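*Asks:* Provided below are the primary sequence and the corresponding predicted coordinates.
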Amino acid sequence: MTGWVGSIESETLENAYFRRVLFTGKHAQLVVMCLQPGEQIGKEVHPNVDQFFRIEQGEAKFVFNETEEHLVRNADAVVVPAGTHHNVINASKTTPLKLYTIYSPPNHPDGTVHKTKSEAEAAEAAEHHR
């Protein structure tokens, strides 16, 4: 297939992994994510990557530059400009947070699947030591 075609809502809602790359192009990458109740992505910054998020299930708290907070829900979208320190937190104590994100340009190796946050952290640590 030339690009990616499918039901992004179904792919996102059915995904149970912390991070799963669906498509990687030259200038953008499509990724589905699932954060368990209370789980967070963790503070991060992408100096040269803009990031778009869409929430398909649950409630998320986005924190920008450690001071600006936004509570978002199903069908809400968030854009994080390159260079913005950010964190995404599942605000629910009972419901998984299901979202998809588009990185521009791509941020993860094509085909990446991280079943859990700890698996993602281990893989990222290994990449930084290369």
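*Replies:* Cool, the structure landed. Only a predicted model underlies this, so the values are computations on that prediction, with no experimental measurement involved.

*Asks:* C-alpha only now, for contacts and for neighbours.
*Replies:* OK.

*Asks:* list the contacts for Pro81?
*Replies:* Going by CA atoms under 8 Å, 6 or more residues apart in numbering, Pro81 touches Val49, Asp50, Gln51.

*Asks:* where's Thr12, which helix or strand?
*Replies:* Here Thr12, judged by DSSP states H and E, is contained in helix 8-14.

*Asks:* how much space is there between Asn74 and Arg20?
*Replies:* Distance of Asn74 to Arg20, computed by CA to CA, to the nearest Å: 20 Å.

*Asks:* Which one of these two is surrounded by more residues?
*Replies:* Neighbours were counted for Asn74 and for Arg20 using other CA atoms under 10 Å; Arg20 has more, 22 against 15.

*Asks:* With adjacent residues omitted, what lies nearest to the more buried one?
*Replies:* Distance criterion CA to CA, 6 or more residues apart in numbering; nearest residue to Arg20, sequence neighbours excluded, is Val113 at 4.4 Å.

*Asks:* Next, count neighbours for that neighbour.
*Replies:* Using other CA under 10 Å, Val113 is surrounded by 19 other residues.

*Asks:* pLDDT wise, what is it at?
*Replies:* pLDDT, Val113: 94.

*Asks:* Now do stretch 46-57, average pLDDT.
*Replies:* If you average the pLDDT over stretch 46-57, you get 97.

*Asks:* tell me which residues in that stretch are buried?
*Replies:* In terms of neighbour count (16 or more other CA atoms under 10 Å), stretch 46-57 has its buried residues at His46, Val49, Asp50, Gln51, Phe52, Phe53, Arg54, Ile55, Glu56, Gln57.
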